[in-house]
Every structure is written in C-alpha cells, then in structure tokens.
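Student: just coords:
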C-alpha cells in the first residue's frame, strides 16, 4: 500500500497491528488494589436472613439493597405508606445509612389511579428534598389482599 493511500489495510496488516496492540496491553502492569480496599469492596454482607426466601438487607460494594417493604396493619394508602417508609428508615439505619443516600426507589401500588396522589403526599413529606433518588411507580397485584403498597430502595453507604 502506498503512503497516504485511502485504501484499507490488507487483512494480514490488520492482524499484525492487532497482535502488536494485544502484546502491548498484555505487558502493561496494573498495580493491585490496597488489600483493605479490595476486601471492603468485594465483601457482601447479609442482614435479616431468618426468612427462608430472602435477606432483609444486602450490602455489596458500598450499596445497600433492601427487600420490598409492605404494611397490612391499616387499610388506607396514607397510613400504609407512612408505615412502609418507617420500615425503610429502620432497615437503612441497620445498614448504617439513611434516606439522604438513596439511589433508587421502586414503588408498587395496588390501584395507581386511586392511590398515586395520596402516596405521593406522604412520600414527598418523607424523602430528603436535597437528595431525591431516581424512582419508578407502577400498578401491580399484591401478594395479600390488604396490601396497597410495596417499596424497595437502594442506597449508598458513603
């Protein structure tokens, strides 16, 4: 091939260039992480494991994942939402974090057209206004008839 030619490289030339690049990458040494950092980011902690189906809390790579929280002690959406969010606060505290570090929130409502506004009224009073998570809210069938809402969140530990 002539210099400055716009013709593509031949297949053998492409293979040779790829081999040179792979060899260069393979020779590059990446320093290992400090042992304390490696063990901290690689560890997984599970809290509340007595339920045979799930953990209440899983912490991995400085992210807290909680199981979905429900409340069947009252029959109205505002009280169920408040009770569920109190459970979320409790689980986050057990994981040494709080709602100011929320990353995501997933909310399932039994009847979204009826309960969305009232649920949002309670949510808006609870969520940290300076640190709102990304959030999705959908309508879903619930596991038990009396349940109107389920909430699951993830949060950072730092």
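Tutor: On my side now, so go ahead. Because the structure is a prediction, the values reported are computed rather than measured.

Student: got any ranges where the protein has weak pLDDT?
Tutor: Where the chain drops to pLDDT under 70, the residues are 1-14, 16, 18-42.

Student: residues of stretch 49-67 that come out buried?
Tutor: 55, 56, 57, 58, 59, 63, 64, 65, 66, 67 (16 or more other CB atoms under 10 Å). For every residue, glycine as well, the C-beta is placed using N, CA and C.

Student: The fifth one touches residue 155, doesn't it?
Tutor: So the one you mean is residue 59. No: the criterion here is CB atoms under 8 Å, and residue 59 misses it with residue 155 at 9.6 Å.

Student: what do the two both touch?
Tutor: residue 95 (CB atoms under 8 Å, 6 or more residues apart in numbering).

Student: Name the residues that touch stretch 64-77?
Tutor: 48, 54-59, 79-80, 83-84, 87-88, 91-92, 95, 97, 106, 108-109, 114-115, 118-119, 122, 142-144, 146-157.

Student: which of the residues you listed are buried?
Tutor: Buried among those by 16+ other CB under 10 Å: 55-59, 80, 83-84, 87-88, 91-92, 95, 97, 106, 108-109, 115, 118-119, 122, 142, 147-151, 153-155.

Student: taking those residues one by one, which sit in helices?
Tutor: 80, 83, 84, 87, 88, 91, 92, 115, 118, 119, 122 (DSSP state H).

Student: helix, strand or coil for residue 45?
Tutor: strand (DSSP: H, G, I helix; E, B strand; the rest coil).

Student: For it, give me its contacts.
Tutor: 57, 58, 59, 60.

Student: can you rerun that using 6 Å?
Tutor: Residues near residue 45 by CB atoms under 6 Å, 6 or more residues apart in numbering: residue 59.

Student: Quick check: bridge partners of it?
Tutor: residue 59 (DSSP bridges).

Student: if I look at it, how far off is residue 138?
Tutor: Residue 45 sits 29 Å away from residue 138, going by CB to CB, to the nearest Å.
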